[in-house]
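*Asks:* Here you go, sequence then predicted model.
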Amino acid sequence: MEIKDIKANQGNIDLVVEIVSKEEPRSFEKFGKEGRVCNVKVRDATGEVKMTLWNDDIDQVSVGDKVHLQNGWCSEFRGEKQLSSGKFGKIEVVGKSEEAPVVMTNDPAMLQQEAGMMSDEEDDTELVDEEEFVE
């Protein structure tokens, strides 16, 4: 099955997708039990869709991972389709991301810290005394 074939209120969804982005997990309490929920955006060759992760599934996946959703469920919230493992489904990581996550920042403190982490050995530029070139 592919993302383009998914319809709202459809069950028995079986597909392999890549995690594109992952939101921060949220905690909740329902019927006296605590839990966690997290939204991720997933894609395949035919499109993208939001998927909801619950409790232990949240810590199992990272951005860039390929996951296999078995016996999943598609609901619709505010006109947007959302996948979930539902009550009887399963999410399995079938390929871990190989590359480290990229962090983008405009925080000067982080930029200075990053620059300070480079040692002189890693820097290929040669320092030259300016007085050597004065004639």
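*Replies:* Thanks, I have the structure now.
*Asks:* Could you measure from the spatially most central residue of the chain over to residue 22?
*Replies:* Nearest to the mean C-alpha position of the chain, by C-alpha atoms, centre = their mean, lies residue 63 at 2.7 Å. Residue 63 sits 5 Å away from residue 22, going by C-beta to C-beta, to the nearest Å. Every residue, glycine included, has its C-beta placed from N, CA and C.
*Asks:* Below-threshold pLDDT in the protein: ranges please.
*Replies:* Across the chain, the ranges flagged by pLDDT under 70 are 98-104, 110-135.
*Asks:* what about the helices in it?
*Replies:* For the chain, helices defined by DSSP state H occupy the ranges 56-60, 108-117.
*Asks:* hang on, the earlier thing: need phi/psi at the residue nearest to the centre of the chain.
*Replies:* phi -60, psi 130 (degrees, to the nearest 10).
*Asks:* quick one: contacts for it?
*Replies:* 19-22, 97, 101 (C-beta atoms under 8 Å, 6 or more residues apart in numbering).
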